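Visitor: what shape does this take:
(2 chains)
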Amino acid sequence: MWSRSEREWSGPLFDAHVHVGRSLFGLEQSVDDLLASMDGAGVTRAVIVPFKPPAYELGPENDRIARAVREHANRFHGFARVDPWQREGALAELRRAHRDLGLQGLYLHPSEEQFAANDELVFPLLAYLQEHGLPLLLAGGYPGYAHPSQVGDLARQFPEVTIIVTHGGQLNISGLLLGDAGQMLRAHPNLIMETSGIYRQDFIEDTVAELGAHRVLFGSNAPAMDQGFESLRVRLAHLSDTDKNAIAYGTMARILGILDDVRSG
Amino acid sequence: MIIDSHTHIDEAPAYGWFDPPEAIIRLMDEAGIERSVAMTYRDAPGPEERVIEYVAEAVQRYPDRLIGYARMNPRYGDEAVELFDRAIRDYGMRGLKLHPVTYVMHPASEPTLALVRHAASLGVPTLFHCGDEDFTLPLQIAEAAGAVPDARIILGHMGGYFHVRDAIRVARRYPNIILETSAMPYPRLIREAVDAIGAERVLFASDGPGCDPLLETEKVRRARLTPEQEEMLFHTNIERLLGDVV
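Guide: Predicted coordinates for the structure are as follows:
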């Protein structure tokens, strides 16, 4: 049995998955709301990404993300969002977001943008990420769009791209996808699972035991999910402080190449 | 005082399960949970014997900590109903658990309704797994609630990831439906359920030991309920449902 103090960990968190702006689907989060939430949950840094907006136009949302990063460079890192169905337009937007806006990765949501995670549509985008050493944050686990086998198939074809798959790559409350998600992570070392909304807590602990803490990182999917509650999946895990430090912060900092900056202050 | 309305105990090498009672007891201790409703992953009757006995023995070993539910397979027809009757009368089980995915049958199928009716006649609740896969959707289980209005039907996981709003809709429609919070990841939807149907019909549960009871209690505490509502979710509702057992 672990005592409460052995389970609780109060170190700083790097949230790999937060949305800013207003969503077509009724959610909203301003920069100020997010900063207040982060302060309350002990989250010192966050990767912020666009919602799918009511106007359907992702370009202005990428601008919004870049603006927030400029204004709060010590708290935020921005990833661009594009719709692969825009084809050449999607690649052009990714290039613009990277070169002109300075965004540091790509966020794709196969379910909301209605493409299979391993569809040929996304290959030019992944090739760009590979060429420039940028990571992909992928909304995982959505039936028909981002099943672990589809995410695994994408990871297999772009082994040099670091792919962070949200929700552990599986959204199934009876555990039917745990085996698939485990296979996916085992087979593709370039895949890292993010913890938001995950079923179940022992999947986090077992994955760390089997594959190492460098394959797991904290994300909240706020505001759809609750940043404070999601942080507890890491804070209260049956894991050592060293492992929690990696999941909570180190892995994301390493992916963005800022570990040294963080250490020096 | 906290009672967890849905946890698992089982040792079943054929399915790779090894969760002896001590696993959930340890997590209950960490979370400050006094008692838990416990059930197997396996159904009875079935190819494996001693499923009901397994739960009964665990309850005997931890009478102050565990409350047993019998997890049944309706495909066995009369045999299932008879065994369930003995599970309640002779083995001290206090409820019926059904997971339609394990026996691949619609929750409002006649053999299922026979078990649900029998549970109602014995005055014990029926807990259904209620997530996002076929045979477990809120609207499907609602057909059973409509067919057996005197049965008290608990929707475990209250619709999972994608069907929580459906779970709330059917709970508004059928007063014999009760929602249960385990594993569903949204604190705000617990609050939404309480606002929609009243705290009397929402239960705290963890689905431990796979899900973590301490984490699951924190989810309820972050649902912005009143202290009175929290008390209802954490223990008074399940105490009322189970009568004099707790």
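Visitor: so where do the strands sit in the chain?
Guide: Because you didn't say which chain, this covers chain A. Assigned by DSSP state E, chain A shows strands spanning A:13-22, A:28-29, A:43-50, A:76-78, A:80-81, A:106-108, A:136-138, A:163-165, A:191-194, A:216-217.
Visitor: oops, I was thinking of chain B
Guide: Counting by DSSP E, the strands of chain B are B:3-8, B:10-12, B:17-19, B:35-39, B:66-68, B:70-71, B:96-98, B:126-129, B:153-156, B:177-180, B:202-203.
Visitor: any idea how many residues pack against residue A:84?
Guide: 24 (other CB atoms under 10 Å in any protein chain shown). Heads up, the C-betas are built off the backbone N, CA and C, glycines and all.
Visitor: quick one: name the residues of chain A near chain B.
Guide: Proximity of chain A to chain B, by CB under 8 Å from any CB of the partner chain, involves residues A:1-4, A:7, A:143, A:171-176, A:196-202, A:225-226, A:228-230, A:232-233, A:236.
Visitor: could you rerun that using 7 Å?
Guide: A:1-2, A:7, A:171-176, A:197, A:199-202, A:225-226, A:228-229, A:232-233, A:236 (CB under 7 Å from any CB of the partner chain).
Visitor: any of these buried? List them.
Guide: The neighbour-count criterion (16 or more other CB atoms under 10 Å in any protein chain shown) marks A:2, A:7, A:171-175, A:197, A:199-202, A:225-226, A:228-229, A:232-233, A:236 among the residues of chain A next to chain B as buried.
Visitor: up against chain A, what does chain B have?
Guide: Residues of chain B lying near chain A (CB under 7 Å from any CB): B:26, B:29-30, B:101, B:129, B:131-133, B:157, B:160-161, B:183, B:185-188, B:210-212, B:214-215, B:218-219, B:222.
Visitor: just those residues: which are in helices?
Guide: Taking DSSP state H, the ones among the residues of chain B next to chain A that sit in helices are B:26, B:29-30, B:101, B:187-188, B:214-215, B:218-219.
Visitor: what about the helices in chain A?
Guide: Counting by DSSP H, the helices of chain A are A:4-7, A:31-41, A:59-71, A:88-99, A:110-113, A:123-132, A:148-157, A:178-187, A:201-211, A:227-235, A:241-245, A:251-255, A:259-263.
Visitor: which of the ones you listed sits closest to residue A:47?
Guide: Proximity to residue A:47 (CB to CB) singles out helix A:251-255 among the helices of chain A, at 7.1 Å.
Visitor: pLDDT value on the residue of the stretch 1-150 of chain A found nearest chain B, please?
Guide: Nearest residue of the stretch 1-150 of chain A to chain B (CB to the nearest CB) works out as residue A:1 at 5.0 Å. Listed pLDDT for residue A:1 reads 87.
Visitor: same question, residue B:103
Guide: On the pLDDT scale, residue B:103 gets 96.
Visitor: distance of it relative to residue A:57?
Guide: Distance, residue B:103 to residue A:57, using CB to CB, to the nearest Å: 49 Å.
Visitor: between these two, who's got more neighbours?
Guide: Using other CB under 10 Å as the criterion, residue B:103 and residue A:57 rank with residue B:103 on top: 19 against 11.
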